[in-house]
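# got a sequence here, can you build the structure:
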Amino acid sequence: MHRDIFKKLMTRLALPAAAVLAALLLWHVARMPRTPVDLAQTPLDVATGSAQGSTPAVATATGQAQGVPPVALAMTSEIVVGRDDTLDAIFRRMALDKADLAAIRKLPGIRADIDFLKPGDTIKITHSAGEIQELTRKVSETETLKVVRKDDGFAAQMIADPVETRVRSAMGVIDSSLFLAAEASNISDTVALKLANIFAWDIDFVLDIRDGDHFTVVYEQIYQDGRYLRDGEILAAEFVNAGRVYRAVGYKGPSGQLGYYTPNGQPMRKAFLRAPVDFTRVSSAFNPHRFHPILQTIRGHMGTDYAAPIGTPVHASGDGRVSFIGTRGGYGNAIVLAHTNSISTLYGHLSRFAKHLQVGAHVQQGEVIGFVGMTGLATGPHLHYEYLVDGVHKNPETVRLPGAAPLQAQALKDFLAAAAPLLVRLEPPAGPTAAANARIPGPGKPGPVALPNAAD
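Just a heads-up that it's a prediction; the model follows:
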């Protein structure tokens, strides 16, 4: 009974007690002091810049800073120069202060480095509220121009970033083509093409190479800050074609021009190219007793026909002078070049001639003189090429080509001294694992060089 009376009493008191407690809480809150909350703004870091010298500010309920001027963020933009782009156009496009550009241009010795732009160049500009804080531009592979705003104006400096030349040696074995063999040995197409050009006077890389032919090449690789940039020049090379060994060593003579020579100093370069066009096949060989497919009679074919697509460039096979250019009977559009030692060459069935070429003009070996066609008596697009000595036709594919001038006296002595260590690099590595070790990591894959002394 007492328990029931106590329960009824507590129920009656609970509601007034809760009301009193709530009133006490409200009274206590009302007497507490109101202190504003300081929202200190910290410097803002962003991907392209940072707010420097930011000042703490009080934020209102709407998030607007009161009493503190806004701080402009310094932003860095990287611009890739487009065709016909200029700094004036770039500044207008980015709404940058042209007065800053004028001040930068007045800095001594940098006007050309600032104004001479090429498509693809990159310029980095750090700017704030349209004002230039910093401008950088790579002016060469090893130099970067940096312009910085100072208290008293702009200052410029050229920052050097030198490259490192490493030497790599590699070997390859032909099983279908030179370029596939080079790829298998992590050799770039650039190096493979240079290799073919070095031996082009002795080896026809379309017709002469055989499965099992092999080569060794010692060449430069250019690095910057530990990063591979590109391949450099070939220093020495060996190519074994059908069992015959050809070796070449690079040398810069007194003229400073790089040339390639045999180990005893004879030039690899001949006075004439073996084939003056990049062809797909020999469509008709030299044959003094050939049956003519159009005239249907025996008529000697006194040159070599190189099949190639219409428009393929045709090169002068040697230094010479244009003695004829125009239309010549069954040859169609033709060019005749006169060379030294009573040698002349003829190029027939051309679709067109190189611009500004005329009788009497001098041409250099390798210069483009015309383009493959099928003018005259021709059943398909090709170059008809003839090689004559004292007016007598010779087979262009087999005639012995005269060489360029050999090294003389002191130049030969210097060459032999420089060639000796490079020739050592061409020696095959010893041991049963030589072939496997010769496959060295290529561009972008630095690794140990297997051939002797190849890690200079």
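# figure out the helix or strand that Ala99 lives in.
Using DSSP states H and E, Ala99 falls within helix 98-105.
# could you say what helices and strands that helix packs with?
Helix 98-105 sits against helix 87-93, helix 111-115, strand 131-138, strand 153-160, with contacts defined as 3 or more C-beta pairs under 8 Å, 6 or more residues apart in numbering; DSSP states H and E. Heads up, the C-betas are built off the backbone N, CA and C, glycines and all.
# now it: mean pLDDT?
Taken as a whole, helix 98-105 has a mean pLDDT of 90.
# and stretch 281-300, by the same measure?
Mean predicted lDDT for stretch 281-300 stands at 64.
# switch to numbering from 31
Right, with 31 as the first residue, what we last looked at is stretch 311-330.
# if we can go back for a sec, let me know which of the helices and strands packed on helix 128-135 is tucked in deepest.
Of the helices and strands packed on helix 128-135, the one with the most neighbours on average (mean count of other C-beta atoms under 10 Å) is strand 161-168, at a mean of 18.
# now the helices and strands packed on helix 128-135 as TSV including mean pLDDT?
As requested, the helices and strands packed on helix 128-135 are exported to TSV (pLDDT from 0 to 100):
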stretch	mean pLDDT
helix 117-123	90
helix 141-145	84
strand 161-168	91
strand 183-190	92
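# reformat these as JSON lines; add distance to Ala449.
JSON lines is the format used below for the helices and strands packed on helix 128-135 (distance: least, C-beta to C-beta, whole Å):
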{"stretch": "helix 117-123", "distance to Ala449": "49"}
{"stretch": "helix 141-145", "distance to Ala449": "40"}
{"stretch": "strand 161-168", "distance to Ala449": "36"}
{"stretch": "strand 183-190", "distance to Ala449": "32"}
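# His369: which of these is closest?
Nearest to His369 among the helices and strands packed on helix 128-135 is helix 141-145 (42.2 Å), distances taken as C-beta to C-beta.
# so what strands line up beside whatever helix or strand comes next after the closest one?
Using DSSP H and E, the next helix or strand after helix 141-145 towards the C-terminus is strand 152-158. Sheet pairing of strand 152-158 (DSSP bridges) gives strand 105-110 (antiparallel), strand 161-168 (antiparallel).
# output the ones you listed in JSON lines, with distance to His345 appended to each entry.
What follows is those, written out as JSON lines (distance: least, C-beta to C-beta, whole Å):
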{"stretch": "strand 105-110", "distance to His345": "35"}
{"stretch": "strand 161-168", "distance to His345": "35"}
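# now for those strands, which one comes closest to Gly410?
Nearest to Gly410, of the strands paired with strand 152-158 and by C-beta to C-beta, is strand 105-110 at 45.0 Å.
# name the residues of the closest one that are buried.
Under the neighbour-count criterion of 16 or more other C-beta atoms under 10 Å, strand 105-110 has 105-106, 109 buried.
# got a markdown table for those, with distance to Ile239 and pLDDT too?
Converted to a markdown table, the buried residues of strand 105-110 look like this (distance: C-beta to C-beta, whole Å; pLDDT from 0 to 100):
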| residue | distance to Ile239 | pLDDT |
| --- | --- | --- |
| Met105 | 57 | 90 |
| Thr106 | 53 | 91 |
| Ile109 | 48 | 89 |
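# circling back to that earlier point, and of the helices and strands packed on helix 128-135, who's closest to Gly350?
Evaluated over those, closeness to Gly350 peaks at helix 141-145, with 39.0 Å, by C-beta to C-beta.
# lowest-pLDDT helix or strand in this protein?
Ranked by mean pLDDT, DSSP states H and E, the weakest helix or strand in the chain is strand 88-89, scoring a mean of 32.
# would you list the phi and psi of Val177?
phi -110, psi 130 (degrees, to the nearest 10).
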